[in-house]
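Colleague: fold the following and give me the result.
(2 chains)
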Amino acid sequence: MALYCIFLQYSAMLYSELHCFTNFSFLKGASHPEEMVQQAAALGYQALAITDECSVAGVVRAHVEARRHNIKLIIGTDVITEEQLHLVILAPTRRAYGQLCTLISRARNRREKGQYQLRVNDLHPATSECLFIWLPSLGQCRQPDDHCQQLLTHCAQRLWIGLENNLRQSDPELSRQRQWLAQQLACPVVACGNVHCHLPERQPLQDVLTAIRLNTHVHSAGFQLHANRETSLRPLPVIERLYPAAAIRETQNIAGQCHFSLDELRYEYPREVVPPGHSAQSWLRQLVETGIKERWPDGVQPSVRAQIEQELELIHELNYEYYFLTVYDIVQFARSQKILCQGRGSAANSAVCFCLFITEVDPAKSNLLFERFISRERHEPPDIDVDFEHERREEVIQFIYRKYGRQRAALTATVISYRIKSAIRDVGKAIGFDQTLLDQLAKSIAWWDKQDQLPQRLQELGIDIHNPRIQRFKELVDTLLGFPRHLSQHVGGFIISAGPLDQLVPIENAAMAERTVVQWDKDDIEALGLMKVDVLALGMLTAIRKSFDLIQQLRGQQWTLATLPAEDPATYDLLQQGDSVGVFQVESRAQMAMLPRLKPACFYDLVIEVAIVRPGPIQGDMVHPYLRRRQGLETVSYVSPDVKQVLERTLGVPIFQEQVIELAMVAAGFSAGEADQLRRAMAAWKRKGQLQQYEEKLAQGLLHRGYSIDFAQRIISQIRGFGEYGFPESHAASFALLVYASAWLKCHEPAAFCCALLNSQPMGFYSPSQLVQDVKRHQVEVRPVDVQCSLWEHHLETDSLHRHPTRQPAIRLGLRLVKNLSRNAADTLLTQRQDRPFQSMADLQQRCHLSKRDMDALAHANAFIALTPHRFQARWEAQGLQQETPLLQQQHQQETAVTLPAPSEAENLNQDYHSLGLTLGRHPMALLRNHPALKGYKRHQDLYALGHKRFVRIAGLVTGRQRPGTATGVVFITLEDETGNSNIVVWRDLVERNRSAVVHSRMLKIKGVVEREGSVIHVIAGQIEDCSHLLGELETRSRDFH
Amino acid sequence: MLWACLHFPALALNLVEQGAPAAQPLVVEITRKQRRLVLYANQPALQSGIVPGMTIPTAQSLVRNLQCQPYSPDGEQQALQQLGHWAYEFTPHIRPHGQNNLLLEVSHSLKLFNGQQALAQQLLQQLPAGFTPFSLAFADTDMAALLFAQAHESSNQALFFSLQDVHDYDVQWLDIATAQKELLYSMGIRTVGQLLALPRDTLGKRFGDAFTHYLNLLTGERKSPLPHWNLPPQFQTELDFVQELDNAQHLLFPIRHLLSRLEHYLYARQSAVSRFLFSLLLRSRQTQSWPIELATPMHRLADILPLVQLKLETLQLAAPVLTLRLRADQFHGLHVQQRDLFRPQQPDHISRYQLVDRLQTRLGKQQVHSLGMVSDHRPEHCWYSATPGQGQALQHPSEQRPFWLLQHPQKLRSKKGLPVYHVPLQLLKGPERIDTGWWDNTPVNRDYYIAQQGNGQHLWVYRDRDNQDWFLHGLFSL
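Modeller: Here you go, the predicted structure:
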């Protein structure tokens, strides 16, 4: 028997599979494109066509895999037309491929995201070079209708009739009928596998996908499921037994006609970025020279000049001029519209980019080297991400669409894949787990990838891992992980081309109206060496630009990112104290605790600071060694001069992705190409096992070069930690600049900075309430919303007192803070107020004709404070005002005057929070301070007077709850009171005992111990008590109406 | 007028608890803005720290095996109907109000029941079990009674008020929209007294005419119309189970609940019943009918229940039960009961049901059934035995299936790789591969063939792909 098989395996039979769905036919195909290619190659297929449902989203992955396995890849698609014609369309040539992309784009553009519509008429003449395999139904075989006729006319000579044999009961009869039809039409027949998975073992998952697609259970899906496992890639002897020899031979005929490879795709840069009469090289040179004069009016340092020359030479050598010019063009538009932007990424922090105003990181001031970011050997395309003000990025996107047209510019896709949570939910539903069990399972998510801990965790949740049902469930979930679920739009990755983009890759509708995405994601685009520009949104840029504008109005001085005084000691002082509410990137509680330890004193310290407090480096056991070394607690040593050269700037501890790559090259002997693959594997480490092969290689390389096992293991664990979160130095540098700028603003112009932050909401880590409390603690006056003074935005009010250059103006809160107030109403009000101030609420209503809702919103916010005694009265009156038309004005009847009692302080506080989200009155904790239940409880401020390890009682509002993945079981709670925010650490045991209080209290009382390190203070909770009811008393009644 | 308001603050929970086995933590959930929230929690759940308004995942983090039932407004209305039937004994002037209140105008019943106190005592004593907590408030207007009942929810006793008392109550107890309550708060108007002190016209301007109309009803300045209770011509009720029931004996408790509702209805109607129908909604989405015939019309739970209990012993559940329904639409006046006993039934022409009936009588109930189809590729899972007339028909994807499928496949000898059934068989068609069913404990992996016997008989045989054995699975008709 075995001999027989071997004989067949090496028989003359050659076969190519021409009909194969991957998991990019969402919820249909059950194997990754890579798996399909591997298996087809292993089985000895000559070629494999990837024919996903009206899509080529999976072909790049298949293409990359096919290069490794020496198997021919054919690009195609599977479609069912409106007329119920089931077709497989293949692209034999580059032109045919362009036609295929255009056809898919057209079909996809007709319908909303995820669907398509194709008519048989679309095929002619648009697909004049494509090949067609028709899979007619029994009915169509017996009685071909007009549409079949049309198909024949359109595709004559390029049409085959497909035969399928998946050992279904209906297959023999259908094949007989198809053969008969083929004979009638004089069409050749060809064998097709109807492949849905690469191995028969995948069939259960395929069944699950079907059930998910149909929103049912596998045990109810019945006939909708495949009856057997024959829709996998089958061994050649099986194929040979199941199909007529002629049909098998025909696969070779078709494969033979297909010559197209994705390698033929050549990206052409948009030409309009170079004006007539210039070459790309000469134009870039001219722009850079102009930039040099602007950047360094007093002449450029020779070292910088040399760097520029070196960079230009490299750019020319690698043919990257168009790329820099395209980015320059976009940035130039933003600058012309006064939209603040800042580039980052591998090529962004270069002297050339500084001259082109793509970045503000001054090469003269930083020690970053361009060559570290673009490498001659690696041949990776340059990568520049540009951040824009978040409120104005849309203008930039619209500019790109306008300039290049929707034919030539589109967003790249993001493949949304199954993650643990969604996989558990969908598989669970499909195999009929009930909601309660699913909710239980969902709690195990954190341990899912820790095989050693999972059984115990599940056991704790009452789930038996040894139960075969759970076992099978787990296998299905594990396999489903990483499966693509749908295509979404990338946040801002644009692909711009010289010719029509839809001949390069299909374009389809995104969920968002007026947005289109291409069917490839950024990895696909990178793998094919195509170019993309990331146009991203960043709230802090908005805030900084608004700060600059406010300061210009206030002091008449126009700052820019580049002109802010560099290395200002006062700014570093502020950061060293951890006084960083509102400052970019370093405002989180972890960063705040880090700042006083790291004590940043120069720009490069900020670059490290930005990269250092991230989940990755902590897992990689890196922060502490760096800190210890910086504080002089640990000696800095290097195992070799090579390593020293790479790690010296970070005191011997690898912190940046670039350093890991360099280490791999200098210490483990990786070639440039291998190092680049390592970088990709790090970026995409979730795709299992990819990193592992490099780990082994790295270890061997290091040992071979005489490094110790200990050193090798340390490096590898650090790389593993990097995986998901590792931060490249090139990005950190750009971010550090914004850290510095925002810290400088907070230090020297706190009023303007806070005002700008408030005007840029939502953004950042803190709520308006927290920002206002912070700025008040910095002695800046904040004034309430008032219909007589407020603008829409928050603004600065300067009395004569404030004109002094070091005096801070007051912040007047704007109408934008008022809940339920419409923008139109506010605009009308502001216009009317320009004539003369309002005399009364009735006067305001008469002149502005605001709706009852708007009037009530203003009254709720206490914005009529200048016109009525208090907000209760204001709301009474607002409700009583009538919408008057001019005709009715005379009939206005006097109603009985009613005087309502004034609100208490607590009532005002509640309404302030409710309408504005903040109060300028006393903090709730201040109001409760004398409550008997809080006797003996300290304020945040009082903590500073207490020593390390002292016992303390403290109470406050819960404003933050975090359970970092890196700290097992610990919960960090932020308690706010009238003097500031205290950090409470609750260990796992206590969390378990007081789950209810930890999870959903609004106010807590803590008894614990002070933990101090310098100016960093934590309270380690020993006892914890929910006292939210005190807030309830404050609100005087429950607002929870059901 | 004198109004009594019965308020059931946890009616939805009461209904769920009637379908729940024992005192386990249990909540009724509602989905708002795509978040699953706790609407009601029973005592064990409350004791574990679960409070209404909490999200379900949070609640589940507090109680490991929390039972969650979706909220059903229809169920509440149905329950109010049942309670209305019950209250009919006290007064015909009954009006359900909102989701969980029953308003009774009782001034005309005072005499019959010997005054307010005695009437209240009767109401409390006879209130059907399983409807706690509740409150019962008496006042001169319906809206005032409602307000007092809601303000004293869960008091579980009868309370009597004068209209003047409303002044001291918080405006949150008014029967008005939440937004209006919030508006009142926002103006600092906290008590009903404060509100009523304001000129009614200024209130109308701000809160609308419906609002002032309501205040007028509350204070008695306007009278509410007197309602009249109408009994529906048919009786129908149902109970959802918190956990599906797979043992027929466990049905007894819910059956008792439903029959007690029927009893109230019959009492209000002054009727008896001789047949009614239980329908069991099964997990398989099918409905199993379970008709009950009584030899003689009856109207008391105590009489009916033992008979049903007897029949319950022979009830076979086709699948676990999710919901139990009870329906009755043929009633007998209590006075005609006797006569029916002596009159023989009129012979009708025979319907297919009667045919089935007779066959069942002749052959025994277990011997007669219909075939139904199930969507499943595995032949032995592709059919089920159904109550006669209830089998489901489906389109099977395969055209050729044998008429007679053996209950258990019969193992065949093989000779030279071919199956033998009396004689070696000739394989005509195949294989058709069926390799599926991994999700339960009976997966199959077989190659089916249509085979021919010497005499021309076509057989359906398969080869088990796991052990290569041959089996006979069906016979085609000649």
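Colleague: for the stretch 201-350 of chain A, which residue gets nearest to chain B?
Modeller: Closest contact between the stretch 201-350 of chain A and chain B, by Cβ to the nearest Cβ, is at residue A:222 (2.4 Å). The way it works is simple: take the backbone N, C-alpha and C, and place the C-beta from them, glycine included.
Colleague: pLDDT at that residue, what is it?
Modeller: Listed pLDDT for residue A:222 reads 89.
Colleague: and the helices in chain B?
Modeller: B:11-18, B:43-47, B:56-62, B:73-87, B:115-126, B:142-151, B:178-186, B:192-197, B:200-207, B:209-219, B:252-269, B:301-312, B:337-342, B:352-363 (DSSP state H).
Colleague: now these in TSV, with distance to residue A:415 and mean pLDDT?
Modeller: Below are those laid out as TSV (distance: least, Cβ to Cβ, whole Å; pLDDT from 0 to 100):
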stretch	distance to residue A:415	mean pLDDT
helix B:11-18	43	86
helix B:43-47	42	88
helix B:56-62	28	79
helix B:73-87	42	88
helix B:115-126	65	91
helix B:142-151	54	95
helix B:178-186	44	89
helix B:192-197	59	94
helix B:200-207	54	90
helix B:209-219	54	94
helix B:252-269	50	86
helix B:301-312	56	83
helix B:337-342	73	40
helix B:352-363	58	66
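Colleague: turn those into JSON lines, including mean neighbour count and distance to chain A.
Modeller: Converted to JSON lines, the helices of chain B look like this (neighbours: other Cβ atoms under 10 Å in any protein chain shown; distance: least, Cβ to the nearest Cβ, whole Å):
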{"stretch": "helix B:11-18", "mean neighbour count": "24", "distance to chain A": "11"}
{"stretch": "helix B:43-47", "mean neighbour count": "16", "distance to chain A": "11"}
{"stretch": "helix B:56-62", "mean neighbour count": "20", "distance to chain A": "5"}
{"stretch": "helix B:73-87", "mean neighbour count": "19", "distance to chain A": "13"}
{"stretch": "helix B:115-126", "mean neighbour count": "15", "distance to chain A": "26"}
{"stretch": "helix B:142-151", "mean neighbour count": "25", "distance to chain A": "12"}
{"stretch": "helix B:178-186", "mean neighbour count": "18", "distance to chain A": "4"}
{"stretch": "helix B:192-197", "mean neighbour count": "16", "distance to chain A": "9"}
{"stretch": "helix B:200-207", "mean neighbour count": "16", "distance to chain A": "4"}
{"stretch": "helix B:209-219", "mean neighbour count": "17", "distance to chain A": "11"}
{"stretch": "helix B:252-269", "mean neighbour count": "20", "distance to chain A": "20"}
{"stretch": "helix B:301-312", "mean neighbour count": "15", "distance to chain A": "27"}
{"stretch": "helix B:337-342", "mean neighbour count": "10", "distance to chain A": "46"}
{"stretch": "helix B:352-363", "mean neighbour count": "12", "distance to chain A": "28"}
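Colleague: tell me the mean pLDDT for stretch A:649-663?
Modeller: pLDDT averaged over stretch A:649-663 gives 82.
Colleague: identify each buried residue in that stretch, please.
Modeller: A:650-663 (16 or more other Cβ atoms under 10 Å in any protein chain shown).
Colleague: ok, back up a step: how about the contacts made by the residue of the stretch 201-350 of chain A closest to chain B?
Modeller: B:374, B:375, B:376, B:377 (Cβ atoms under 8 Å, 6 or more residues apart in numbering or on different chains).
Colleague: return only those of those residues found close to chain A.
Modeller: Under the cut-off given by Cβ under 8 Å from any Cβ of the partner chain, chain A has B:374, B:375, B:376, B:377 from these close to it.
Colleague: next, the closest residue to the second one other than its chain neighbours: secondary structure please.
Modeller: Taking Cβ to Cβ, 6 or more residues apart in numbering or on different chains as the measure, residue B:375 lies nearest to residue A:222, with 2.4 Å between them; neighbours along the chain are not counted. Three-state call for residue A:222 (DSSP: H, G, I helix; E, B strand; the rest coil): helix.
Colleague: distance of residue A:222 relative to residue B:378?
Modeller: With distances taken as Cβ to Cβ, to the nearest Å, residue A:222 is found 10 Å from residue B:378.
Colleague: out of the helices and strands in chain B, which is least certain?
Modeller: helix B:337-342 (a mean of 40; mean pLDDT, DSSP states H and E).
Colleague: who's in contact with residue A:54?
Modeller: Counting by Cβ under 8 Å, 6+ apart, residue A:54 makes contact with A:77, A:78, A:79, A:104, A:107, A:108, A:116, A:118.
Colleague: of all these, which comes closest to chain B?
Modeller: residue A:78 (20.3 Å).
Colleague: which strand or helix spans the closest one?
Modeller: Applying DSSP states H and E as the criterion places residue A:78 in strand A:72-80.
Colleague: leaving out sequence neighbours, find the closest residue to residue A:141.
Modeller: Excluding its sequence neighbours, the residue lying closest to residue A:141 (Cβ to Cβ, 6+ apart) is residue A:177, at 3.8 Å.
Colleague: for that neighbour, helix, strand, or coil?
Modeller: Assignment for residue A:177 (three-state DSSP): helix.
Colleague: could you do residue A:126 as well?
Modeller: Assignment for residue A:126 (three-state DSSP): coil.
Colleague: and what of residue A:172?
Modeller: helix.
Colleague: contact partners for the residue of the stretch 351-478 of chain B found nearest chain A?
Modeller: Relative to chain A, the nearest point of the stretch 351-478 of chain B is residue B:375 (2.4 Å; Cβ to the nearest Cβ). Residue B:375 is in contact with A:220, A:221, A:222, A:223, A:224, B:394, counting by Cβ under 8 Å, 6+ apart.
Colleague: pLDDT below threshold where in chain B?
Modeller: Residues of chain B meeting the criterion pLDDT under 70: B:21-22, B:295, B:335-355, B:357-358, B:361-362, B:364, B:389, B:478.
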